[in-house]
Structures are given as structure tokens and as C-alpha cells.
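*Asks:* Based on what follows, work out the 3D shape:
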Amino acid sequence: MAKYVFVTGGVTSSLGKGIIAASLAKLLQARGLRVTIQKFDPYINVDPGTLNPYEHGECFVTEDGAETDLDLGHYERFLNIYTSQANNVTTGRIYQTVINKEREGAYLGKTVQVIPHITDEIKRRMLLLGQNNKYDIIITELGGTVGDIESLPFIEAVRQLQWEMSEEDCMVLHLTLIPYLKAAKELKTKPTQHSVKLLSQEGVHPDVIVCRTEEPLSPDIRKKIALFCNVKPEAVIEAADAATIYEVPLLMMREKLDLIVLKKLNVTHYHEPELGRWKEFLDKLKYPKAKVTIGLIGKYIELQDAYKSILESFVHAGAMNE
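*Replies:* Below is the predicted model:
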């Protein structure tokens, strides 16, 4: 049976849940496990196809023609696997399915409510990829920020799954921010404490806290976060700013994130990570032998995320050609 890792985010959006999820997936894949990632977005659009790129960045089109979130592009680039319609679900799609069922009379006249009907549909979608025995671990990224009104049904669905599944079949990883106040010359843990408190109020307790930070976390700060957020000190992970997103898996490996996850999920069949090709790619990326200027002509060029896949393809091609 597949095991599940849920990735939530707190304090602020755009912390890099997608990159952390993809990096964890890469490390687990490098250890010989079959991994995939799915993204649940809390907006009511049925898919990002109708969203303005300035609002949401590019719309990533999968092999089966699904118009999805740009994070799926990261998943494919990191894991070298194809994603599909099943890997990206929005609130709009959930509600559309439930309303269509209600119109067909599938609920036999019952009052249709967020709990159980909406949360049941979310849970059904969350478990969909794990049903064909193709994957050992499924990482589910929940879009939005803990505390947002629209993400409540997703958090509730995770709470129910944690309650229904055995302890070693699912876990929650919470990504948060540790801001550095220049005037006080110190890192502040209070936003993280509030974020974890909000999550806990919804009945979901994180097993691992990944802290985005500009300055290194001291052992004292890790202990403080562990104490106030009720996790083990080794489960407080430092996610420092990296020169390139492709360095993040190596930073997460240094923090032993993959080993913490494998231990919590009680996975024992794995080997040392094979990241030779990845490191080779990183070396070429960091130390190019020549430079070339490329002009990108487009409609939405003020926002770099609007053409994310094209920009990343230049990065990949540039690295391969040094």
C-alpha cells in the first residue's frame, strides 16, 4: 500500500512548498523508491487554464492534455516522470464533481455539506494515485497558507486521513518562515509558532517542520521551535536560500529530511542515494565554460513565472552544453 506525505505551508505564500516537495521526492527516488507528487489548489477555478499568468504564473500542460499548476513542471523536471490530470486538483473541480452528483440524485436527497461530502471527495482524489500499486510514496502538496478560509476543507480531509490510516502510513510536513530582523540582529520563531498553532487547532499536527531562513538556525533556535511546536529537534529542518532550485535536494539530504521521512513511515527497503548525474548537472550549471544571450519574446514577460518552463529549458540546455 502507498504511504502518504502531506506538505502544508504557513506564515506566507511562495515559500517554496513545490520545491521542497520535489526535492524530498527526488531524494526518495534516488534511494530506489517509486514516488509521485500531486498538488491540491484551494481556488475555485476548475483548472488554471483560464487564469491570467500574472495571477498565477504559467499554466503547465501535462502529457494527457491537462492544464495544471506550474509546480507540476517542477515535479516533472526533478523526477523525470510524467504527471497527469490526477496530479492536480482544484477546489473548483471538487465542488463541480459534488454538485454534478447532487444533480444526478447520487446522495439520495441528503443535505449536501462540506463535511462529509466535500471532504470525502477531496480524500477520494488524494488516494486516487495510490490505488494502482504504481507508487511506494505519494507526496501531496496543499496550496495556499494555513489559516486561509479556502484551505480549511483540505486540512480537514488530511485530519480525517491521519485518523483513518495507521500512524506509519501518513505524515505531515509543514513549511514555514523564520524571519531575520536586522535591527534586532536575530531570527524570530514566533510566526512559526503561530502557524503550527493554527494547524494544530484544525486537528493536524506536523511531524516535520521545514524552516525557510536567510540565516543559519542555531541549535538553540531548533530546540525552541521543537519545544513550542511539539516535534523532535531533529525534525526541525533548515531550508536556507540556495543559488539555484536544483541545489535544494542536496541541502535537504544534508539535513537528513529523507531519512526522517523514511523512519516515520517505517520504510526499510532503500539504498544509499544515487545522485551522481544530479551532481554532474549541478557542476555544469554552476561553472559554465561559455555564455550566450537569448531573447525571449512574449506577452507576459514582466513576470518570470509566466514562462517558467521555457526559462527552465534554457537552464537545462545551457548546463548540458556548458
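*Asks:* nearest spatial neighbour of Val158, skipping sequence neighbours?
*Replies:* Computed as CB to CB, 6 or more residues apart in numbering, the closest residue to Val158 that is not its neighbour in sequence is Phe6, at 5.0 Å. In this view, the C-beta of every residue, glycine as well, is placed from N, C-alpha and C.
*Asks:* quick one: furthest residue from the center of the protein?
*Replies:* Gly109 (37.3 Å; CA atoms, centre = their mean).
*Asks:* Help me confirm that Met171 is found in a strand?
*Replies:* Yes: judged by DSSP: H, G, I helix; E, B strand; the rest coil, Met171 forms part of a strand.
*Asks:* just to revisit the earlier point, what kind of secondary structure is the residue nearest to Val158 in?
*Replies:* strand.
*Asks:* and if you look at Thr268?
*Replies:* Strictly by three-state DSSP, Thr268 counts as coil.
*Asks:* Show me the helices in the stretch 151-300 of the chain, by range?
*Replies:* Using DSSP state H, counting those that start in this stretch, the helices of the stretch 151-300 of the chain run over residues 152-164, 190-201, 219-229, 248-254, 257-264, 276-286.
*Asks:* Which one of those helices lies nearest to Leu70?
*Replies:* Of all the helices of the stretch 151-300 of the chain, helix 248-254 sits nearest to Leu70, with 16.4 Å by CB to CB.
*Asks:* show me the contacts for Phe228.
*Replies:* Contact analysis of Phe228 by CB atoms under 8 Å, 6 or more residues apart in numbering lists Thr189, Gln193, Val196.
*Asks:* let me fix that: Leu262
*Replies:* Taking CB under 8 Å, 6+ apart as the test, what Leu262 contacts is Leu28, Arg31, Tyr270.
*Asks:* Also Lys26?
*Replies:* Phe78, Leu79, Pro249, Trp278.
*Asks:* Over to Gly130?
*Replies:* Gly130 sits next to Met1, Ala2, Tyr4, Ile138 when contact means CB under 8 Å, 6+ apart.
*Asks:* again with Gln29
*Replies:* Gln29 touches Val35, Leu79, counting by CB under 8 Å, 6+ apart.
*Asks:* and the end-to-end length of stretch 94-114?
*Replies:* End-to-end distance of stretch 94-114: 11 Å, with CA to CA, to the nearest Å as the criterion.
*Asks:* What of stretch 60-71?
*Replies:* One end of stretch 60-71 sits 8 Å from the other (CA to CA).
*Asks:* With stretch 83-94 instead?
*Replies:* End-to-end distance (CA to CA), stretch 83-94: 19 Å.
*Asks:* Check stretch 101-121 too.
*Replies:* The first and last residues of stretch 101-121 sit 11 Å apart, counting by CA to CA.
*Asks:* which other residues reach that stretch?
*Replies:* For stretch 101-121, the surrounding residues in contact (CB under 8 Å, 6+ apart) are Ile94, Tyr95, Thr97, Val98, Pro153, Glu156, Ala157, Gln160.
*Asks:* Of the contacts of Leu262, which is the nearest to Glu302?
*Replies:* Of the contacts of Leu262, the one sitting nearest to Glu302 (CB to CB) turns out to be Leu28, at 36.5 Å.
*Asks:* My understanding was that the closest one contacts Leu259; is that so?
*Replies:* No: contact criterion CB atoms under 8 Å: Leu28 and Leu259 do not qualify, at 10.3 Å.
*Asks:* who has more neighbours, these two?
*Replies:* Leu28 (25 against 15; other CB atoms under 10 Å).
*Asks:* for the more buried one, what are its contacts?
*Replies:* So Leu28 contacts Val35, Asp136, Ile137, Asp258, Val261, Leu262, Tyr270 (CB under 8 Å, 6+ apart).
*Asks:* Now for those residues: which two are most distant?
*Replies:* Using CB to CB, those span at most 12.9 Å, a distance reached by Asp136 and Asp258.
*Asks:* Okay, strands next: where are they in the stretch 51-200 of the chain?
*Replies:* Using DSSP state E, counting those that start in this stretch, the strands of the stretch 51-200 of the chain run over 60-61, 67-68, 88-90, 137-142, 170-177, 180-181, 186-187.
*Asks:* Dump those strands to JSON lines, plus mean neighbour count.
*Replies:* Converted to JSON lines, those look like this (neighbours: other CB atoms under 10 Å):
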{"stretch": "strand 60-61", "mean neighbour count": "18"}
{"stretch": "strand 67-68", "mean neighbour count": "21"}
{"stretch": "strand 88-90", "mean neighbour count": "24"}
{"stretch": "strand 137-142", "mean neighbour count": "25"}
{"stretch": "strand 170-177", "mean neighbour count": "24"}
{"stretch": "strand 180-181", "mean neighbour count": "10"}
{"stretch": "strand 186-187", "mean neighbour count": "16"}
